[in-house]
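Trainee: predicted coordinates and the sequence they were generated for:
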Amino acid sequence: MTVFFQLAVSCALALAVCVGAVGYFRTVRTPRPPIGVFNGADIFLMMGFVLALPYLYLALPGTVLPVVLAVAFAGGLSVGYQPVIGDGRLRWALIAALIAAVLGAHLAFGDTAAPYWIANSCVVGLVVVSATNINVQGGMRLKNVAWFLLALTAYDAFFAWVVPLTEELSDAIQGYPFAPAAGLRIGEDLGAVLGMGDLLAYALFTTAAYKAYGKAGLRTGIVLVVLFGAVAPVATLHIVGAVTGHAAALIPAQVFFGPAAFAGHLLLRRRGPERRMAELAFRRDRIGAPTTTAALPVGPQVTGPGGPQ
């Protein structure tokens with residue numbers, strides 16, 4: 001029962017952020033930041049930020065951490081959905097309602113109850129969708145995402161199995177609202193949680209692949225996300241438990257998804273150069289007038305179930 005529950009929740013969440021991010025990409029044009037194209041230096045800076053963030057979380061007092069996370073969520077929602085809801089007062093009112101819903105569900109039901117995880121997962125999912133599009137529409141290409149995920153694989157493996165930083169972070173947020181994770185818990189026996197970083201990895205790869213290669217990229221992204229982002233970590237978690245007789249504490253999802261995403265990038269690039277934002281047409285430009293550029297024709301991340309990242 002547990003394995004099927006975790007598979008269902010993991011697949012549903014992974015697919016939800018991918019579909020949401022691609023849907024946002026197809027519908028909403030975000031303002032392009034005044035930066036050049038992504039390169040190796042940008043990937044290095046991103047990895048530096050990823051490396052520093054957990055230490056920042058752990059350095060904060062327990063009562064301050066949820067406040068910082070709530071402010072970060074609110075800021076991400078405001079920036080990401082400004083093109084969707086131009087009225088600032090209305091946008092902030094909706095954001096305040098979402099943040100209040102998470103806090104209210106936590107106070108009323110606790111951090112192990114389904115209502116809290118449903119509310120928190122909605123906020124995390126919306127942040128992932130907006131962050132994905134800010135990066136992909138801002139110039140991040142599929143090859144940048146692929147290299148970033150490959151570096152993230154080494155990072156996740158090291159801090160899960162060598163230096164238990166991921167487990168320490170998971171313990172630090174226990175009992176507090178605004179966990180940087182999405183999932184569902186029902187009682188003490190059923191639970192499945194995916195880290196926000198893993199969900200962002202899945203959405204980034206799928207959206208960048210769609211931007212680069214259209215439907216072929218979208219199909220590749222969805223298949224890899226389901227098989228290596230959701231199914232492989234959950235299956236491995238239970239296989240290790242059955243073989244060793246002890247439940248595995250943590251299975252980093254990026255250990256499976258990162259290499260698979262990089263291989264998917266190598267496969268897709270055989271179709272030719274990646275499309276760029278200037279070559280794409282949007283259904284609707286919510287910032288100004290509808291775009292007139294025509295799209296070119298295209299050829300034929302439980303931390304896995306183990307806990308947040």
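Mentor: Good, I have the coordinates.
Trainee: please go through this protein and pick out the longest helix.
Mentor: helix 196-224 (DSSP state H).
Trainee: which other helices and strands contact that helix?
Mentor: Under the contact criterion of 3 or more Cβ pairs under 8 Å, 6 or more residues apart in numbering; DSSP states H and E, helix 196-224 touches helix 2-27, helix 114-137, helix 142-161, strand 181-186, helix 254-268. For glycine as for every other residue, the C-beta is placed from the backbone atoms N, C-alpha and C.
Trainee: for the third one, name the packing helices and strands.
Mentor: It stands for helix 142-161. Counting by 3+ Cβ pairs under 8 Å, 6+ apart, helix 142-161 packs on helix 40-59, helix 165-172, helix 196-224, helix 254-268.
Trainee: contacts for stretch 258-271 next, please.
Mentor: 142-143, 145-147, 149-150, 152-153, 156, 201, 205, 209, 212-213, 216-217, 220-221, 224, 227-228, 298-299, 301 (Cβ atoms under 8 Å, 6 or more residues apart in numbering).
Trainee: sorry, that was for stretch 70-86
Mentor: 28-31, 88, 91-92, 94-96, 98-99, 102-103, 123-124, 126-127, 129-131, 133-134, 177-178, 286-287.
Trainee: just the buried ones from those residues?
Mentor: 28-30, 91, 95, 98-99, 102-103, 123-124, 126-127, 129-131, 133-134, 177-178, 286 (16 or more other Cβ atoms under 10 Å).
Trainee: related to what we said a few turns ago, mind putting the helices and strands packed on helix 196-224 into a markdown table with mean pLDDT and distance to Thr236?
Mentor: Listed next are the helices and strands packed on helix 196-224 as a markdown table, based on pLDDT from 0 to 100; distance: least, Cβ to Cβ, whole Å:
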| stretch | mean pLDDT | distance to Thr236 |
| --- | --- | --- |
| helix 2-27 | 94 | 11 |
| helix 114-137 | 93 | 23 |
| helix 142-161 | 89 | 13 |
| strand 181-186 | 90 | 17 |
| helix 254-268 | 96 | 8 |
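Trainee: can you tell me how far Arg271 sits from Ala209?
Mentor: Separation of Arg271 from Ala209 (Cβ to Cβ, to the nearest Å): 11 Å.
Trainee: out of those two, which sits in the more crowded spot?
Mentor: Taking neighbours as other Cβ atoms under 10 Å, Arg271 and Ala209 compare with Ala209 leading, 29 against 15.
Trainee: excluding its backbone neighbours, what's nearest the more buried one?
Mentor: Spatially, and ignoring its direct neighbours in sequence, Ala209 is nearest to Gly217 (3.3 Å; Cβ to Cβ, 6 or more residues apart in numbering).
Trainee: contacting residues around the one you found?
Mentor: With Cβ under 8 Å, 6+ apart, Gly217 has these contacts: Leu142, Thr206, Ala208, Ala209, Tyr210, Lys211, Leu268.
Trainee: pretty sure Ala181 contacts Leu200?
Mentor: No. Between Ala181 and Leu200 there is no contact under Cβ atoms under 8 Å: 11.4 Å.
Trainee: near Leu56, how many other residues are there?
Mentor: Neighbour number of Leu56 under other Cβ under 10 Å is 11.
Trainee: now do the same contact list for it.
Mentor: For Leu56, the contact set (Cβ under 8 Å, 6+ apart) is empty.
Trainee: equivalent analysis for Val68, please.
Mentor: With Cβ under 8 Å, 6+ apart, Val68 has these contacts: Tyr57, Leu60.
Trainee: return the alpha-carbon coordinates of the helix or strand harbouring it using PDB.
Mentor: Using DSSP states H and E, Val68 maps to helix 65-80. The C-alpha trace of helix 65-80 is given here as PDB (Å, rounded to 0.1, in the frame of the first residue of the first chain):
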ATOM      1  CA  LEU A  65      13.300  29.900   9.600                       C
ATOM      2  CA  PRO A  66       9.500  29.700   8.700                       C
ATOM      3  CA  VAL A  67       9.300  33.500   8.600                       C
ATOM      4  CA  VAL A  68      12.200  33.600   6.100                       C
ATOM      5  CA  LEU A  69      10.600  30.800   4.000                       C
ATOM      6  CA  ALA A  70       7.200  32.500   4.000                       C
ATOM      7  CA  VAL A  71       8.800  35.800   2.900                       C
ATOM      8  CA  ALA A  72      10.800  33.900   0.200                       C
ATOM      9  CA  PHE A  73       7.600  32.200  -1.000                       C
ATOM     10  CA  ALA A  74       5.700  35.500  -1.100                       C
ATOM     11  CA  GLY A  75       8.500  37.200  -3.000                       C
ATOM     12  CA  GLY A  76       8.700  34.400  -5.600                       C
ATOM     13  CA  LEU A  77       5.000  34.500  -6.100                       C
ATOM     14  CA  SER A  78       4.900  38.200  -6.600                       C
ATOM     15  CA  VAL A  79       7.700  38.300  -9.100                       C
ATOM     16  CA  GLY A  80       6.500  35.300 -11.000                       C
END
